[in-house]
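Visitor: 3D model of this:
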Amino acid sequence: MFAIVFGFLTILSGGLVLFGGNEITEAAGNIVQFVLWFNFFAGFPYVAAGFGLLRNRHWAVWLSIAILACSATVLAGLVLHIAMGGAYELRTLVAMLFRTAVWALIVLTARSRTLRR
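Guide: Predicted structure coming up:
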């Protein structure tokens, strides 16, 4: 259930910044475009994985692993962007660390539940 809510919130927050107009974009500060677009689009697989995990579908574990791998890759790209002097907001880094950690926990939980079946 958490993954579903997390996914909908991700779509909502990313969509607001992407499509909400200049005031919202300016309030977001130093946007890292590839992170913003990834997070927006990743929300949809988050929801799908959440529904699959609720129904104990094996494919949902693999989708969760893919989400984790993609999140870790984007996090690495963000760290490289920062290391190269790119503009960013600290909350973006914290959010990507959080997202990656959340999906790592979801994968660990989902794998252990699947192995018990």
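Visitor: quick one: the helices in the chain?
Guide: Ranges of helices within the chain are 2-19, 22-28, 33-54, 58-83, 90-116, based on DSSP state H.
Visitor: deepest-packed of those, please.
Guide: Comparing the helices of the chain by mean neighbour count (mean count of other CB atoms under 10 Å), helix 33-54 ranks first with a mean of 18. C-beta: built from backbone N, CA, C; applies to glycine.
Visitor: show me how far that helix is from its chain's centre.
Guide: In terms of CA atoms, centre = their mean, to the nearest Å, the centre of helix 33-54 is found 6 Å from the chain centre.
Visitor: got the angle between that helix and helix 58-83?
Guide: Here helix 33-54 runs at an angle of 160 degrees relative to helix 58-83 (axes from the mean of the first three to the mean of the last three CA atoms, to 10 degrees).
Visitor: returning to what we had before: now the helices of the chain as a markdown table including mean pLDDT?
Guide: As requested, those are exported to a markdown table (pLDDT from 0 to 100):
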| stretch | mean pLDDT |
| --- | --- |
| helix 2-19 | 96 |
| helix 22-28 | 91 |
| helix 33-54 | 97 |
| helix 58-83 | 97 |
| helix 90-116 | 90 |
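Visitor: am I right that residue 42 is in contact with residue 6?
Guide: No. Assessed by CB atoms under 8 Å, residue 42 is found out of contact with residue 6, at 10.1 Å.
Visitor: what separation do you get for residue 16 and residue 3?
Guide: Distance, residue 16 to residue 3, using CB to CB, to the nearest Å: 20 Å.
Visitor: for residue 14, what are its contacts?
Guide: Neighbour list for residue 14: 36-37, 39-41, 43 [criterion: CB atoms under 8 Å, 6 or more residues apart in numbering].
Visitor: again, only using 10 Å
Guide: Taking CB atoms under 10 Å, 6 or more residues apart in numbering as the contact definition, residue 14 lies against 35-43.
Visitor: can you check residue 113 too?
Guide: Residue 113 is in contact with 53, 56, 61, counting by CB under 10 Å, 6+ apart.
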